[in-house]
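Undergrad: Next come a sequence and a model predicted from it.
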Amino acid sequence: MSTPHTLIRFLKANAFFAELGPEAIETIAGLCTTRSLARHEILFQKGDPGDALYAVRRGQIRIGAGSDDGRAVTLNLLGPGDVFGEIAFLDGHPRTAEAVALEPADLFVVEGRAFLKLLAGDPALAVQIINLLCQRLRWMSARMEEATLLPLDIRLARRLIMLSEDFGAEIQVTQEELAAFVGAARESVNRVLQDWRRSGLIDLGRARVTVRASHRLVALGARTQT
């Protein structure tokens, strides 16, 4: 069981909560409960009520949805320190995606009713939440722009660098998930990954990509379409 002190320390280290100040952090910590998920356990599905905000303490969470042709599409991978579920949590509409634990995970949970009451009495915190939503929208806009305008190798390099920044050089991710991330066919992603493996940029394993030359991937991702 996590103590209030543990929750406060976690929230202070979280990029979203860190700027709120000690008083707000202590208040939010008092609203938090914890939840553990087993590997492949579903936290919520598309259409479920958006009645809680989550932060990952340990483990990895996949955010995904189904495509029109029945394929599973990975929208994001989240690790320790990431906050998610905020849009449905704040607007009261059903979840637009599903969240599944890719490995055993521990979450901090803030129930909706108590948090909305806190926001109503704390305009500074409400502004911070608005900033978080704007960041999410900018992130989604950038991903859409990449998928539309940039070649596959650049999109894939940028995604692997982002994932390595969150999870380290050894990334637990399937080629199907990478393909969904960058809006390409798995076969096309595999061809690029195999080329990079032969040139020493990465190593490949079962549901795993290990970045060996991050500086070269960064250089690839910094390119623009010519």
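TA: Now that the structure is in, tell me what you want to look at. Numbering: from 1, shown residues only.
Undergrad: mind giving me the domain split of this protein?
TA: Following the TED database, one finds the domains of the chain at 4-147, 150-222.
Undergrad: At the geometric centre of this structure, which residue sits there?
TA: For the chain, L78 is the residue whose C-alpha lies nearest the centre (C-alpha atoms, centre = their mean; 3.3 Å).
Undergrad: so how far is Q60 from that one?
TA: Distance from L78 to Q60, counting by C-beta to C-beta, to the nearest Å: 7 Å. The C-beta positions use only the backbone N, C-alpha and C, and glycine is treated the same way.
Undergrad: How about T174?
TA: As judged by C-beta to C-beta, T174 and Q60 stand 12 Å apart.
Undergrad: Would you confirm that S36 belongs to a strand?
TA: Yes - under DSSP: H, G, I helix; E, B strand; the rest coil, S36 falls within a strand.
Undergrad: quick one: the helices in the protein?
TA: All helices of the chain, identified by DSSP state H, fall at 4-13, 22-31, 86-91, 112-120, 123-149, 152-167, 175-182, 186-198, 214-221.
Undergrad: Which one, of these, ends up nearest to D48?
TA: Among these, helix 86-91 comes nearest to D48, with 8.4 Å by C-beta to C-beta.
Undergrad: G221 is in contact with L163, isn't it?
TA: No - the pair formed by G221 and L163 falls short of the contact definition of C-beta atoms under 8 Å, at 11.8 Å.
Undergrad: circling back: and the helices of the chain, which is most packed in?
TA: Using mean count of other C-beta atoms under 10 Å, the stretch among those with the largest mean neighbour count is helix 175-182, at a mean of 21.
Undergrad: Quick one: residues in contact with it.
TA: 62, 64, 71-75, 77, 146-147, 152, 155-156, 159-160, 185-186, 188-190, 193, 209 (C-beta atoms under 8 Å, 6 or more residues apart in numbering).
Undergrad: May I have that helix exported as PDB, CA atoms only?
TA: The C-alpha atoms that make up helix 175-182 are tabulated as PDB, following Å, rounded to 0.1, in the frame of the first residue of the first chain:
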ATOM      1  CA  GLN A 175       6.200  -4.300 -35.000                       C
ATOM      2  CA  GLU A 176       2.400  -4.200 -35.300                       C
ATOM      3  CA  GLU A 177       2.300  -1.500 -32.600                       C
ATOM      4  CA  LEU A 178       5.000   0.500 -34.300                       C
ATOM      5  CA  ALA A 179       3.200   0.200 -37.600                       C
ATOM      6  CA  ALA A 180       0.000   1.600 -36.000                       C
ATOM      7  CA  PHE A 181       2.000   4.400 -34.400                       C
ATOM      8  CA  VAL A 182       3.400   5.600 -37.700                       C
END
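Undergrad: Pull the distance from it to the chain's centre.
TA: 14 Å (C-alpha atoms, centre = their mean, to the nearest Å).
Undergrad: Could you do stretch 96-109 as well?
TA: 10 Å.
Undergrad: What residues are recorded as beta-bridge partners of the closest residue to the residue nearest to the centre of the chain other than its chain neighbours?
TA: Distances taken as C-beta to C-beta, 6 or more residues apart in numbering place I61 nearest to L78, at 4.4 Å, with adjacent residues excluded. Per DSSP bridges, the residues bridged to I61 are L78, A101.
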